[in-house]
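**Student:** Build me a model:
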Amino acid sequence: MLRRLALTAVVTLAAVSVTAPAASASGQVPSALPTSGPLAAVQPALGPLPVPLPPLPSFLGGGNHGGQDEPAARTRLTVTVERSGVAGADGTFELTCGPTGGTHPERQGACDRLAEVGGTRAGQDLFRPAPEGTMCTMIYGGDASARIVGTWEGQRVDTTVTRGDGCEIARWNNLVPVLPDLR
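**Tutor:** Numbering: from 1, shown residues only. As a prediction, this is how the structure comes out:
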């Protein structure tokens, strides 16, 4: 969350520096910037942001963006799917998000789905099985099973999803496209 906030601030400042140029050499404040009020005195001191932007501090996961020492992805999952009945869906696939990568057939869609639920109550329950004693419909969704192991948003993940009853089918469907769509 802190990294996203910092990235948003850096991107916003970069956009402002491009759309609102700094004061000219004559000291005149461009008309797009305030000419009166508390910010008017500060505007000439503000210059354009350095391009390229400096890397983020290491505690924000910035690392060195010159191609060396890339920051580790906060999401790195191994997804193993068996008996799905869909051509090309069975197998073991790697998925990394932030940056998106791996061998997963729908890696961008899968990362988008994981980011969509990240940090919410639904996100906390995304990989958890239904609590013991939960009433689930007795619908059988097939022999498909999947195991997801790794790290999601910095949290350890190790779960198995089947299609053995209504609760498991709902879990599976909630994880599409991390898991193949069997609907």
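
**Student:** average model confidence for stretch 164-179?
**Tutor:** Stretch 164-179 shows a mean pLDDT of 95.

**Student:** Buried ones in it, by neighbour count?
**Tutor:** Neighbour-count burial for stretch 164-179, counted by 16 or more other C-beta atoms under 10 Å, picks out 164-172, 174-175, 177-179. The way it works is simple: take the backbone N, C-alpha and C, and place the C-beta from them, glycine included.

**Student:** Out of the residues you listed, list just those in helices.
**Tutor:** Among the buried residues of stretch 164-179, DSSP state H puts Gly166, Cys167, Glu168, Ile169, Ala170, Arg171, Trp172, Asn174 in helices.

**Student:** didn't the last one look like it was pressed against Ala130?
**Tutor:** If I follow you right, that is Asn174. No. At 11.4 Å, Asn174 does not count as touching Ala130 under the criterion of C-beta atoms under 8 Å.

**Student:** Please work out how many residues are found near Leu182.
**Tutor:** The local packing of Leu182 (other C-beta atoms under 10 Å) involves 17 other residues.

**Student:** how about the strands in this protein?
**Tutor:** 75-82, 91-97, 101-102, 145-152, 155-162 (DSSP state E).

**Student:** Adding distance to Ala110 and mean neighbour count, write those out as CSV.
**Tutor:** As requested, these are exported to CSV (distance: least, C-beta to C-beta, whole Å; neighbours: other C-beta atoms under 10 Å):
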stretch, distance to Ala110, mean neighbour count
strand 75-82, 8, 19
strand 91-97, 6, 18
strand 101-102, 9, 17
strand 145-152, 11, 18
strand 155-162, 13, 14
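
**Student:** Quick one: low-confidence residue ranges for the chain.
**Tutor:** 1-73, 119-125 (pLDDT under 70).

**Student:** That one: helices as residue ranges?
**Tutor:** Counting by DSSP H, the chain has these helices, from start to end: 2-19, 107-117, 121-125, 166-174.

**Student:** Near the closest residue to Leu126 other than its chain neighbours, how many other residues are there?
**Tutor:** Nearest non-adjacent residue to Leu126, counting by C-beta to C-beta, 6 or more residues apart in numbering: Val117, 5.5 Å away. Val117 has 17 neighbouring residues, counting by other C-beta under 10 Å.

**Student:** Now do Val117 against Gly133, distance only.
**Tutor:** Val117 sits 24 Å away from Gly133, going by C-beta to C-beta, to the nearest Å.

**Student:** between the ones in helices among the buried residues of stretch 164-179, which is closest to Ser84?
**Tutor:** Comparing those against Ser84 with C-beta to C-beta places Trp172 closest, at 9.9 Å.

**Student:** Would you mind splitting the chain into its domains for me?
**Tutor:** 2-60, 75-174 (automatic domain parsing).

**Student:** Next up, the contacts around the nearest residue to Ala144 once chain neighbours are set aside.
**Tutor:** In space, and not counting its chain neighbours, Ala144 is closest to Ser84: 4.5 Å by C-beta to C-beta, 6+ apart. For Ser84, the contact set (C-beta atoms under 8 Å, 6 or more residues apart in numbering) comprises Asp90, Gly142, Ala144, Pro180, Leu182.
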